[in-house]
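Chemist: give me a model of this one.
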Amino acid sequence: ETAACLIQDCLPVIEDRDCSGIFLTRNPLDGGEGQIEYIYDFGEDLAGGRARPGSKEAFRQTYPAQDKELNHIGRILEEKYASPMDIEFAIRQGELHMLQARTLTLAPMAEVVTNYKIFLRGLMSESELIKRTRRIVGKPLINTFLKEVDKHKNTPIAHGQPIAGGVVAGRIVSDVAEIEKYPGEHIIFITKSNVPRDVGFQSEIDGYISEEGGVTSHAALVSIGKLPCIVGVQWRRFGSRIFFGDTVDVREGSVITLDANDGYIYRGKLPVQASAEHDPEYLEAEKAILKIYSKEEEHTVMPLARY
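Modeler: Numbers count the residues shown, from 1 in each chain. Modelled structure (predicted):
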């Protein structure tokens, strides 16, 4: 057997306006309009969550021609691969460079809605639609949230940008070594950038707060569909206390409530509510896909979870 290694040329930053960015052709949470984030540097810090990126609106104003070209390329790739795409790009001396692209990780609701839209465009067969949505449709998607009355009765201690929705109450931890002190309890991990590699998203932590990063960072994409996540939260640790701003603080290991639907953090444990997904676009797509399932079941036996 022969091993091969692909080496990609590095694009040096030459001008002040040179930037690197990530283009998600769809919103990974709901399948809506795409997202663009960028920084005036190499893209490693953007994907790694170590920088606060510029917004889609700012990119459109600063690079209107490249924005138009990027969206055109995104549509071509979506049609070719019949899937939303996660695209890394760079702009050097005004020229757009495509670095790499991969299929985009989506939250369960977005996965169903987006794949059904792709199917309606004739880019996907019925069997492929079933393959992509089988693990989701026919099973209740549960949303967690806070009642308005509980939000009004409690003053938030911090606010950030919601990345992956949901609500969780748990112990706030900034040091990986502290997690083992709270076996069986919900853990909300707070960090300056990415979650450390030795912290497993699915097993050790139940919520994620970061000071840096955006919706296109690796940590954000990993958390989508798995755990509540917000970014852009200013914080610092002093001794055993975690400060939000200059005056508001909580003790490491104390219980907080993370509302990643609205981006707020509350002191203590608030009542977390749960309900099945009721988004009309999702329910319409699910209903249509279940009809296709029923048609397929006439010809083959296919186990399917029902409500």
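
Chemist: name the nearest residue to residue 248, sequence neighbours excluded.
Modeler: residue 157 (4.8 Å; Cβ to Cβ, 6 or more residues apart in numbering). Yep, even glycine has a C-beta here, placed from its N, CA and C like the rest.

Chemist: what does the pLDDT read for the one you found?
Modeler: Per-residue pLDDT puts residue 157 at 95.

Chemist: same question for the one 5 residues further on.
Modeler: The per-residue pLDDT reported for residue 162 equals 87.

Chemist: the helix or strand harbouring it: which residues count as buried?
Modeler: Assessed by DSSP states H and E, residue 162 sits inside strand 161-164. Going by neighbour count (16 or more other Cβ atoms under 10 Å), the buried part of strand 161-164 is 161, 162, 163, 164.

Chemist: what is the nearest of those residues to residue 248?
Modeler: Within the buried residues of strand 161-164, proximity to residue 248 (Cβ to Cβ) peaks at residue 161, which comes in at 18.4 Å.

Chemist: what distance do you get for the closest residue to the closest one other than its chain neighbours to residue 147?
Modeler: Distance criterion Cβ to Cβ, 6+ apart; nearest residue to residue 161, sequence neighbours excluded, is residue 232 at 4.4 Å. Going from residue 232 to residue 147 by Cβ to Cβ, to the nearest Å gives 25 Å.

Chemist: tell me which of these two has more neighbours.
Modeler: The neighbour count for residue 232 versus residue 147, taken as other Cβ atoms under 10 Å, is higher for residue 232 (18 against 12).

Chemist: may I have the strand holding residue 162 exported as PDB, CA atoms only?
Modeler: Provided in PDB are the C-alpha atoms of strand 161-164 (Å, rounded to 0.1, in the frame of the first residue of the first chain):
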ATOM      1  CA  GLN A 161     -24.700  35.200  21.400                       C
ATOM      2  CA  PRO A 162     -26.900  32.100  21.200                       C
ATOM      3  CA  ILE A 163     -25.200  29.400  19.000                       C
ATOM      4  CA  ALA A 164     -27.100  26.200  19.900                       C
END
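
Chemist: so what touches it?
Modeler: Here strand 161-164 makes contact (Cβ atoms under 8 Å, 6 or more residues apart in numbering) with 29, 107, 208, 214-215, 220, 223-232, 260-263.

Chemist: on that earlier part again, who touches the residue nearest to residue 161 in this structure?
Modeler: Contacts of residue 232 (Cβ under 8 Å, 6+ apart): 52, 160, 161, 210, 211, 212, 214.

Chemist: among those, name the buried ones.
Modeler: Using 16+ other Cβ under 10 Å as the burial test, the contacts of residue 232 include 52, 160, 161, 210, 211, 212, 214 as buried.
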